[in-house]
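Asker: Have a look; sequence and predicted model below, questions after that.
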Amino acid sequence: MKKAFSLVEIFLIISLLGFLYTTFIPKVQINKIDQVSDKLVLYLKQTRYKALIDDKHDKDDYWHKKRWTLKFLKCRKDVGGIYYTIYSDKNASGHPGIDDSLKDSLSLKNIYSSNYCKENINNSSYVLISKNFNIQDVIISCNETTSLGQLSFGGDGKLYSKLSNDPNDSNSYEVSDNCKIKLTDTFGEERTIILESNTGYVYKK
């Protein structure tokens, strides 16, 4: 009498179980807007933590322009769409490059793109929010720029809506009320991310 399975029989059983699982067990699919908003919450928390441990205050008159910043931008007109980058403008030039960008703490990819909005194996795919996640609009409630908006974290964890060009006014544009980032996709779905001004706590509503 046979008392054990052969390797072929074990392989067939595993294959059958795998087929039954993929065919009959329903899968929970996460909307793209949830994927990108969840990732953005994580990136914002990482950015604030980076700002706390990497205080940019130094003898440079424009030290405050080096604060860790999330900025939403538009892709080139011939490409279309929206992307974002997270960076510290080391030279305070106003034109941060890939070397200024923050790295995803898990994948070690740059949280960065140029306005060409092209895929790059060195950059996080989550920054191309229109191309990869169907986001068509971004509204920041505390935006004080002429662009889509940006948010910067100080070494004390405080939130700033803009980086002043006045070297004697480094603390202007401090956010006093909770700031909201609203993402809207091409299907009309919306997600809102809240940044609390006093605590720096970030969460999705």
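Answerer: Here it is on my side, so go on. Numbers count the residues shown, from 1 in each chain.
Asker: To which secondary structure element is the residue nearest to the spatial centre of the chain assigned?
Answerer: Geometric centre of the chain, nearest residue: residue 40, 3.5 Å, by Cα atoms, centre = their mean. Element membership for residue 40, per DSSP states H and E: helix 32-53.
Asker: Can you report phi and psi for the residue nearest to residue 175 when sequence neighbours are not counted?
Answerer: Spatial nearest neighbour of residue 175, chain neighbours left out: residue 159 (4.2 Å); criterion: Cβ to Cβ, 6 or more residues apart in numbering. C-beta coordinates here come from the backbone N, C-alpha and C atoms, glycine included. Main-chain dihedrals, residue 159, degrees, to the nearest 10: phi -110, psi 140.
Asker: how many neighbours does residue 159 have?
Answerer: 25 (other Cβ atoms under 10 Å).
Asker: ok, now residue 172?
Answerer: By other Cβ under 10 Å, the residues close to residue 172 number 15.
Asker: Output the helix holding residue 40 as CSV, restricted to C-alpha atoms.
Answerer: Taking Å, rounded to 0.1, in the frame of the first residue of the first chain, the C-alpha atoms of helix 32-53 are listed here in CSV:
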residue,chain,number,x,y,z
LYS,A,32,-5.2,54.2,-8.0
ILE,A,33,-6.2,57.4,-6.2
ASP,A,34,-5.9,55.5,-2.9
GLN,A,35,-2.5,54.1,-3.9
VAL,A,36,-1.1,57.5,-4.7
SER,A,37,-2.7,59.3,-1.8
ASP,A,38,-1.5,56.7,0.7
LYS,A,39,2.0,56.9,-0.7
LEU,A,40,1.9,60.7,-0.5
VAL,A,41,1.0,60.5,3.2
LEU,A,42,4.0,58.3,3.8
TYR,A,43,6.3,60.6,1.8
LEU,A,44,5.1,63.6,3.8
LYS,A,45,5.8,61.9,7.1
GLN,A,46,9.2,61.0,5.8
THR,A,47,9.8,64.6,4.7
ARG,A,48,8.8,66.0,8.1
TYR,A,49,11.1,63.5,9.9
LYS,A,50,13.9,64.4,7.6
ALA,A,51,13.4,68.1,8.3
LEU,A,52,13.5,67.4,12.1
ILE,A,53,16.8,65.5,12.0
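Asker: and residue 76, how many neighbours?
Answerer: Neighbours of residue 76 using other Cβ under 10 Å come to 11.
Asker: Please apply the same query to residue 200.
Answerer: 19.
Asker: If you drop the residues flanking it in sequence, what lies closest to the residue nearest to the centre of the chain?
Answerer: Here the residue nearest residue 40, using Cβ to Cβ, 6+ apart, is residue 193, at 6.2 Å.
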